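J.: Using only what follows, build the 3D model:
(one chain, ligands or ions: 3)
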Amino acid sequence: MKSPILHSEALKICVQLLFVIKCKAAVLWELEKPFSIEEVEVAPPKAYEVRIKMVATGICRSDDHVVRGSLVTPLPMILGHEAAGIVESIGEGVTTVKPGDKVIPLFVPQCGKCSVCKHPEANICCKNDLTNPRGTLSDGTSRFTCKGKPILQFLGTSTFTQYTVVDEMSVAKIDAASPLEKVCLIGCGFSTGYGSAIKVAKVTQGSTCAVFGLGGVGLSVVMGCKAAGAARIIGVDINKDKFAKAKEVGATECINPQDYEKPIQEVLQEMSGGGVDFSFEVIGRIDTMISALLCCQKAYGVSVIVGVPPNSQNISINPMLLLNGRTWKGAIFGGFKSKDSVPKLVADFMAKKFSLDSLITHVLPFEKINEGFELLRSGKSIRTILTF
Ligand code: COD
Ligand code: ZN
Ligand code: ZN
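T.: Ligands and ions are numbered 1, 2, ... in the order given. The predicted structure follows:
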């Protein structure tokens with residue numbers, strides 16, 4: 001017979017599961033329009049789902065790409081994918097998190113079962129909603145409604161809301177002592193850049209690196225190069241105002257392509273005596289992707305594409321550039337397997353292996369989300385954190 005205590009615990013969980021939460025969320029109804037703060041209903045988590053109370057969320061360039069229409073997703077939607085929060089309730093069968101746990105939602109899931117998850121190096125799990133966005137959880141539906149209409153979810157997450165629901169494969173439990181208003185950046189921008197250096201390029205001790213683009217993600221690449229022991233880290237940006245911070249996080253030199261007559265790849269080849277060991281494109285432009293490829297040493301250089309170019313642009317190159325021995329790679333989320341790596345990255349942050357402070361330039365209450373996007377668009381912010 002069940003003990004009365006266990007029975008009442010089970011009843012409590014059931015009641016919690018049936019509960020629809022009404023809360024505030026920032027809804028994007030149409031492209032190019034401001035977010036509108038609405039009251040939304042958040043359905044309880046179904047089996048293998050988790051409902052999260054949001055504590056902090058970063059504003060990432062990709063959220064703005066949706067608003068601008070350069071990242072095509074169905075609407076209306078609740079955006080946001082770089083966040084941290086606390087588990088409010090769990091659906092049946094959930095074993096990896098429990099109510100009260102601190103967590104980071106994962107915009108790339110890790111189902112653990114597909115061919116990608118089983119591959120030792122790959123990370124874009126087949127259950128992702130990135131490549132062909134439906135705007136739903138894995139069962140094909142969303143947990144949000146507003147004014148009687150279903151509101152879609154972004155990248156299996158949606159963090160511009162006081163509460164969200166995600167699949168269990170899209171959430172990682174993190175250290176209970178971690179400061180959520182900082183480690184939220186591990187949910188996207190920081191890990192994307194840092195992993196591109198340490199995991200994708202596998203930057204080596206004493207090497208020379210070139211980082212094109214010194215925004216938040218580029219700065220995280222610089223931090224990764226430094227952590228991997230690079231001897232020279234050359235920052236490349238057309239905005240000189242980015243140089244001071246890049247040097248603060250580890251760049252040894254910074255150059256502006258507009259200060260030179262010759263192409264920047266030639267400048268970098270000369271500076272490095274024949275080509276850098278590792279180069280990174282962290283802007284999202286075709287021309288700089290080619291410059292980054294060309295500036296790395298032709299027989300052993302490794303060039304990594306981090307930025308996503310505007311819709312459907314193609315690159316044409318001479319195959320000899322690769323036949324000589326260069327490696328050209330690209331990755332999303334720094335090549336990290338999300339559910340495995342996020343708790344470890346948080347542990348590394350807690351062990352002071354890197355700092356996130358230089359990336360956070362603004363902190364605003366959630367309701368000022370439109371102000372946060374203006375800061376991003378005007379180039380005034382690196383990362384704005386919205387707190388709930
Ligand atoms: N030459 C040199 N620097 C340039 C040039 C140029 N022609 N043009 C712009 N820049 C500089 C800017 O001055 C700026 O400092 C920097 O490049 C870009 O920085 P931000 O702040 O605009 O952008 P980030 O660092 O926040 O993000 C950059 C990405 C390229 C990573 C981002 O735009 C992107 O494409 N993200 C998608 C990648 C991804 O993994 N997405 C998955 C979920 S986010
Ligand atoms: Zn992002
Ligand atoms: Zn998978």
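
J.: from memory Gly85 sits against Leu180, does it?
T.: Yes - with contacts counted by C-beta atoms under 8 Å, Gly85 reaches Leu180, the gap being 6.9 Å. (C-beta placed from N, C-alpha, C; glycine too.)

J.: which residues are in contact with both of the two?
T.: The contact sets of Gly85 and Leu180 overlap at 55-56, 102 (C-beta atoms under 8 Å, 6 or more residues apart in numbering).

J.: Filter those down to the ones in strands?
T.: Taking DSSP state E, the ones among those that sit in strands are 55-56, 102.

J.: Gly112: what's it in contact with?
T.: 169, 339.

J.: repeat that with 10 Å
T.: 118, 125, 127, 169, 337, 339-340 (C-beta atoms under 10 Å, 6 or more residues apart in numbering).

J.: from the residues you listed, which is closest to ligand 3?
T.: Cys125 (3.1 Å; C-beta to the ion).

J.: picking that back up, are any of the contacts of Gly112 buried, and which?
T.: 125, 127, 169, 337, 339 (16 or more other C-beta atoms under 10 Å).

J.: For Ala43, state which of those residues is nearest.
T.: Met169 (18.6 Å; C-beta to C-beta).

J.: Distance-wise, check the nearest residue to Met77 once chain neighbours are set aside relative to Arg134.
T.: Nearest non-adjacent residue to Met77, counting by C-beta to C-beta, 6 or more residues apart in numbering: Leu152, 4.3 Å away. Leu152 sits 8 Å away from Arg134, going by C-beta to C-beta, to the nearest Å.

J.: between these two, which one's more packed in?
T.: Neighbour comparison, Leu152 and Arg134: the larger count goes to Leu152, with 22 against 15 (by other C-beta atoms under 10 Å).

J.: That one touches Gly140, doesn't it?
T.: No - using C-beta atoms under 10 Å, Leu152 is not in contact with Gly140; the gap is 11.2 Å.

J.: what do these two both touch?
T.: Common contacts of Leu152 and Gly140 (C-beta under 10 Å, 6+ apart): Arg134.

J.: Which residues are in contact with the nearest residue to Ala176 once chain neighbours are set aside?
T.: Leaving aside its sequence neighbours, Ala176 sits nearest to Lys102 (C-beta to C-beta, 6+ apart; 5.6 Å). With contact set as C-beta under 10 Å, 6+ apart, Lys102 has these partners: 52, 55, 84-87, 172-180, 183, 346.

J.: roughly how far apart are the most centrally placed residue in the chain and ligand 2?
T.: When C-alpha atoms, centre = their mean is applied to the chain, the residue found nearest the centroid is Cys188 (1.7 Å). Counting by C-beta to the ion, to the nearest Å, the separation of Cys188 from ligand 2 is 3 Å.

J.: So what's the residue count around the residue nearest to Gln313 when sequence neighbours are not counted?
T.: Once flanking residues are discounted, Gln313 sits nearest to Ile286: 5.4 Å by C-beta to C-beta, 6+ apart. Look at Ile286: counted by other C-beta under 10 Å, it has 16 neighbours.

J.: Spit out the contact partners of Ile286.
T.: 307, 309-310, 313-316.

J.: Now do it against ligand 3, distance only.
T.: As for Ile286, its distance to ligand 3 is 30 Å (criterion: C-beta to the ion).

J.: Now that residue. Its backbone dihedrals?
T.: Note on Ile286: its backbone torsions stand at phi -60, psi -50 [degrees, to the nearest 10].

J.: Where does pLDDT dip in the chain?
T.: Applying pLDDT under 70 to the chain picks out residues 1-18.

J.: Near ligand 3, which residues of it? Just list them.
T.: The chain has residues 111, 114, 117, 125 near ligand 3, with proximity defined as C-beta under 5 Å from the ion.

J.: Three-state assignment for the first one, please.
T.: Secondary structure of Cys111, reduced to three states by DSSP: H, G, I helix; E, B strand; the rest coil: coil.

J.: Closest one to Glu374 out of the shared contacts of Gly85 and Leu180, please.
T.: Lowest distance from Glu374 to the shared contacts of Gly85 and Leu180 (C-beta to C-beta) belongs to Ala56, with 19.3 Å.

J.: Touching, the closest one and Gln162? I think so.
T.: No - using C-beta under 10 Å as the test, Ala56 is too far from Gln162 to be in contact (11.8 Å).

J.: Can you get me a residue count around Cys23?
T.: Neighbours of Cys23 under the rule other C-beta under 10 Å: 17.

J.: Pull up the gap between it and ligand 2, please.
T.: Taking C-beta to the ion, one finds Cys23 at 23 Å from ligand 2.

J.: so who does the closest residue to Leu75 other than its chain neighbours touch?
T.: Distances taken as C-beta to C-beta, 6+ apart put Leu28 closest to Leu75, at 6.1 Å, once the chain neighbours are dropped. Applying C-beta under 10 Å, 6+ apart, we find Leu28 in contact with 34-36, 63, 66-67, 73, 75-80, 151-152, 154, 160.

J.: Leaving out sequence neighbours, find the closest residue to the residue of the stretch 251-388 of the chain found nearest ligand 2.
T.: When scored by C-beta to the ion, the stretch 251-388 of the chain has Phe333 as its residue closest to ligand 2, at 8.5 Å. In space, and not counting its chain neighbours, Phe333 is closest to Val108: 5.0 Å by C-beta to C-beta, 6+ apart.

J.: Surely the one you found touches Asp167?
T.: No - counting by C-beta under 10 Å, Val108 does not reach Asp167; the two are 11.8 Å apart.

J.: quick one: common contacting residues for these two?
T.: Common neighbours of Val108 and Asp167, counting by C-beta under 10 Å, 6+ apart, are 127, 129, 156-157.

J.: Stretch 147-154 near ligand 2 at all?
T.: No - Stretch 147-154 stays clear of ligand 2 (C-beta under 5 Å from the ion), getting no nearer than 10.1 Å.

J.: the helices in the stretch 151-300 of the chain, which residues?
T.: With DSSP state H, counting those that start in this stretch as the criterion, the stretch 151-300 of the chain has helices at 180-183, 189-195, 216-227, 243-249, 264-271, 286-295.
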